[in-house]
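Trainee: okay, predicted coordinates and the sequence, questions at the end:
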Amino acid sequence: MADTVPGHTGAHTSNAGIPSADTSAPVTSAAGTPVTGAAGADPPVVTPGKMSVPTLTAMVVGSMVGAGVFSLPARFGVATGILGSLIAWAIAGAGMLMLAFVFQNLAIRKPHLDSGVFIYAKAGFGDYAGFNSAIGFWASAIAGNTFYWVFISATLGAFFPAFGDGDTVLAMALGSVGVWLFHILIARGVRDAAVINRIVTILKIIPILVFIVVLFVAFDAGVFADNWIATGYGDLGSINEQIRSTMIITTFVFLGIEGATVYSRYAKRRQDVGRATVLGFLTVLSIFALVTLSSYAVMTQPEIAATRQPSMIGLFEHVVGDWGRWFISAGVIISVLGAYLAWTLMAAEVMYIPAHNEDFPAFLGKENDKATPITALVVSSLAVQALLAVTLVLTDALNFMLDLCTSLALIPYFLAAAYGLKLGLTGESYEQVPAGTRRKETIIAGIATAYTLFLFEAAGLKFLLLSSVLLAPATLLYVKARSERGRRLFTPTEIVLCVLIVAAGITGIVGLWAGFIKI
């Protein structure tokens, strides 16, 4: 998954992660990694010093390439042919790049807003909007972490059928053991995520590159031509429908693109961050597109669509034989286990930091004697455990968790993009900036806002309602946090927003009960 937790941070923290008065360095997790991104690629590791463009570019690539890339072939295969995939990657590429530039521009225009992505929603649209952005950020990380365990079990299912597609009792048991094993290690102060991430980044890139090269060497021109629009294999719908069907997976693998802005203070020159963002993004876009296109070169669209997840395994095995299954499976498991440690830390930090900013209840900011945000860690582990239990009743646990993770991430993405647009339209923070720069950044923010709105539509009503099912009860945390500090609970506008969220949550629950929302 590129799958980094959506967000941009910049506040300096102590070992416990508490923001100090010094805002010259990025917020870090207990592992010492910057909080950037929900669940997929390993959080990038930043070392002090002035970094060159190649170093910054490598960090951008490492922050985005994650577990999601291993599921790309089948996710595209069920939805579209080659033409649709090329258009989808072009749209997703343009949209996500605009979103990355929004985060970069916000870092420049509002450098003091450095407590996480939720702070942009709070600054632009009030405390309750900021709270929902933070909860969406955290819930996306939880869904992504659950995806990891389903992904591992689905990978093992290729060797041991009892694991199925990651949705069996044995798969849930394995995930549960993993959740609490990692919980114990982190609670005891394990902070080796930075070292692990460096190793994992190398070990996950190698099998992906080998996959691309081998499949293009095995290129079948006839199969590739038949897959161009894949109309001979059945009705995939119009090109527009095919593209909409791929938007969630393209967004999922790009989660974390905004993380490049975290490195701005480490760059030799400020403009190097923008250059590294573009170079890193184009590199990752090329990798993702090549994985998709190479798949169409060796198997027909229906065969790709029928390949069990993680689908890169089946395609590689189809070309090279049985050893391919072991080769890609090893890469998947190593990548996911390494990333899970980092993102478990991240999920806890996403609750811990707002608690110290007085946006979440104070109890979520408690630490143990190892300087670990223990209460937030417990809540996060319990949440992953609960979602693992839900996988037993899901029709397609792997893709459901992927789509839920992405849908929740859209909340902070949209609010941040909308804040960037608001600044450009009102002129706030552009007092000493040339009109041309303001106009360009306003257009970028407008495109990013429109793109995130399009993603909400592509996700569909089902996932919007399911997101509300999580957001509605979380409002109790907001009420508690406000009450603890003696603050006014809601403004009139926030009351309306709260009513809408609760109504959507109730609709979602009724839909699940009545059966018109299928999971």
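Mentor: The structure has been received and is ready for your questions. Numbers count the residues shown, from 1 in each chain.

Trainee: quick one: contacts for F70?
Mentor: F151, I208, P310, S311, M312, I313, I328, G331, V332, S335 (CB atoms under 8 Å, 6 or more residues apart in numbering). Bear in mind the C-beta positions are built from the backbone N, C-alpha and C, glycine included.

Trainee: thought the fifth one was touching F288?
Mentor: No: here M312 does not reach F288: they are 11.8 Å apart, not a contact under CB atoms under 8 Å.

Trainee: find residues that contact each of the two.
Mentor: Both M312 and F288 are contacted by V69, L72, under the criterion CB under 8 Å, 6+ apart.

Trainee: can you give me the helices for the stretch 101-250 of the chain?
Mentor: Along the stretch 101-250 of the chain, counting by DSSP state H, counting those that start in this stretch, helices occupy 118-125, 127-157, 169-187, 193-217, 221-226, 239-254.

Trainee: now, of those helices, which is deepest in the fold?
Mentor: Highest mean neighbour count among the helices of the stretch 101-250 of the chain (mean count of other CB atoms under 10 Å): helix 127-157, with a mean of 27.

Trainee: now do that helix: which elements does it pack against?
Mentor: Contact partners of helix 127-157 among helices and strands, from 3 or more CB pairs under 8 Å, 6 or more residues apart in numbering; DSSP states H and E: helix 118-125, helix 169-187, helix 322-356, helix 374-390, helix 397-426, helix 461-484, helix 492-514.

Trainee: closest one to A276 among those helices?
Mentor: Of all those, helix 397-426 sits nearest to A276, with 19.9 Å by CB to CB.

Trainee: what's the angle from that closest one to helix 374-390?
Mentor: Put simply, helix 397-426 runs at 130 degrees to helix 374-390, going by axes from the mean of the first three to the mean of the last three CA atoms, to 10 degrees.

Trainee: what's downstream of helix 397-426, the next helix or strand?
Mentor: Per DSSP states H and E, helix 397-426 leads on to helix 435-459 as the next helix or strand towards the C-terminus.

Trainee: counting by contacts, list what that following helix packs against.
Mentor: Packing partners of helix 435-459 (3+ CB pairs under 8 Å, 6+ apart): helix 82-109, helix 239-254, helix 397-426.

Trainee: so which of those helices is the most packed in?
Mentor: Comparing the helices and strands packed on helix 435-459 by mean count of other CB under 10 Å gives helix 397-426 as most buried, with a mean of 25.

Trainee: from the chain's centroid, how far away is that one?
Mentor: Relative to its parent chain, helix 397-426 has a centroid offset of 10 Å by CA atoms, centre = their mean, to the nearest Å.

Trainee: just give the nearest non-adjacent residue to G157, would you?
Mentor: Residue nearest to G157 in three dimensions, not counting chain neighbours: F163, with 4.0 Å by CB to CB, 6 or more residues apart in numbering.

Trainee: that neighbour reaches V169, doesn't it?
Mentor: No: contact criterion CB under 8 Å: F163 and V169 do not qualify, at 10.0 Å.

Trainee: so where's the stretch 301-450 of the chain shaky on pLDDT?
Mentor: For the stretch 301-450 of the chain, applying pLDDT under 70 flags the ranges 342.

Trainee: swap the cut-off to 50 and go again
Mentor: Within the stretch 301-450 of the chain, no stretch has pLDDT under 50.

Trainee: I'd like the helices and strands packed on helix 127-157 as CSV, with distance to F254 appended.
Mentor: Shown next, in CSV, are the helices and strands packed on helix 127-157 (distance: least, CB to CB, whole Å):
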stretch, distance to F254
helix 118-125, 19
helix 169-187, 25
helix 322-356, 16
helix 374-390, 23
helix 397-426, 10
helix 461-484, 17
helix 492-514, 26
